[in-house]
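Asker: quick check, what structure comes out for this input:
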Amino acid sequence: MARRRNRKVADIVAAAAEVLAERGYHDTGLDEIAERLDIAKATLYHYFPNKEALVMACMESVGAEVNQQLRDIADNGSGTARDRLTALIGLQLDIIVHKSPQMASLFRQPLDWPQAYQERIRQLQRDHYAIFRSVVREGIQRGEFVVEDEAATIHNLYGAMNYVPVWFQPKRKKDFSEMSEAVVDSLLRLFLPPGAPT
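Answerer: So this is what the prediction gives:
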């Protein structure tokens, strides 16, 4: 019983995230979410008391889950900082381009959201940023990375990485893996001395 309920909640949250990504907060309605799931709108109220509760569940599901996946990589003691940064970038690209493209849209436009959500979005963004920063700082301390301005370099990494969904439009299945490899190699160069192999 609990498993079936959890599966239904996950389906509702996934559909809501898609609609939010496509339409933004203000143009998202429970009618469309229910229609996509082929259920009655009243069924949504059985699981979520209102739109606000459903939206917050989307934020938690999308943001917290992704942050945990990234944190698992960052906190893994094996491998070099460079190995972990490579894995972090690769996972981030896989999520925002391939597995959950709605995440990029949800977090790119926080100002369109009511104040109640903005602070939670900002906190999820801060947590996300801190995961990458911790690995970069470790790499700098160990001498694996060489950067003149840590903050500017991390911002460049973050901006370039999260802008990929805007310009990348795959036509073939293998396009994603080719793009991901090229972007990872390019972004790693931000942290390596000139001439160092990626």
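
Asker: the helices in this protein, which residues?
Answerer: With DSSP state H as the criterion, the chain has helices at 2-23, 30-37, 41-47, 51-59, 65-74, 81-93, 101-108, 115-141, 150-167, 173-188.

Asker: adding mean neighbour count, write the ones you listed out as CSV.
Answerer: For the C-beta atoms, the positions are set from N, CA and C on the backbone; glycine is no exception. Below are the helices of the chain laid out as CSV (neighbours: other CB atoms under 10 Å):
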stretch, mean neighbour count
helix 2-23, 16
helix 30-37, 16
helix 41-47, 14
helix 51-59, 18
helix 65-74, 17
helix 81-93, 21
helix 101-108, 19
helix 115-141, 16
helix 150-167, 14
helix 173-188, 14
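
Asker: can you tell me which of these has the worst average pLDDT?
Answerer: Across these, helix 101-108 has the smallest mean pLDDT, namely a mean of 65.

Asker: could you count how many residues lie near residue 27?
Answerer: Neighbour count for residue 27, taken as other CB atoms under 10 Å: 11.

Asker: and for residue 25?
Answerer: 16.

Asker: that one and residue 57: what is the separation?
Answerer: Separation of residue 25 from residue 57 (CB to CB, to the nearest Å): 14 Å.

Asker: which residue packs closest to residue 170, ignoring adjacent ones?
Answerer: Excluding the flanking residues, the one nearest residue 170 by CB to CB, 6 or more residues apart in numbering is residue 176, at 5.3 Å.

Asker: from memory the one you found sits against residue 97, does it?
Answerer: Yes. If you go by CB atoms under 8 Å, residue 176 and residue 97 touch, sitting 6.4 Å apart.

Asker: quick check: neighbours shared by these two?
Answerer: Common contact partners of residue 176 and residue 97 (CB atoms under 8 Å, 6 or more residues apart in numbering): 168, 170.

Asker: centre of the chain to stretch 153-161, how far?
Answerer: Relative to its chain's centre, stretch 153-161 lies at 14 Å (CA atoms, centre = their mean, to the nearest Å).

Asker: same check, this time on stretch 63-72
Answerer: Mean C-alpha position of stretch 63-72 versus that of the full chain (CA atoms, centre = their mean) differs by 8 Å.
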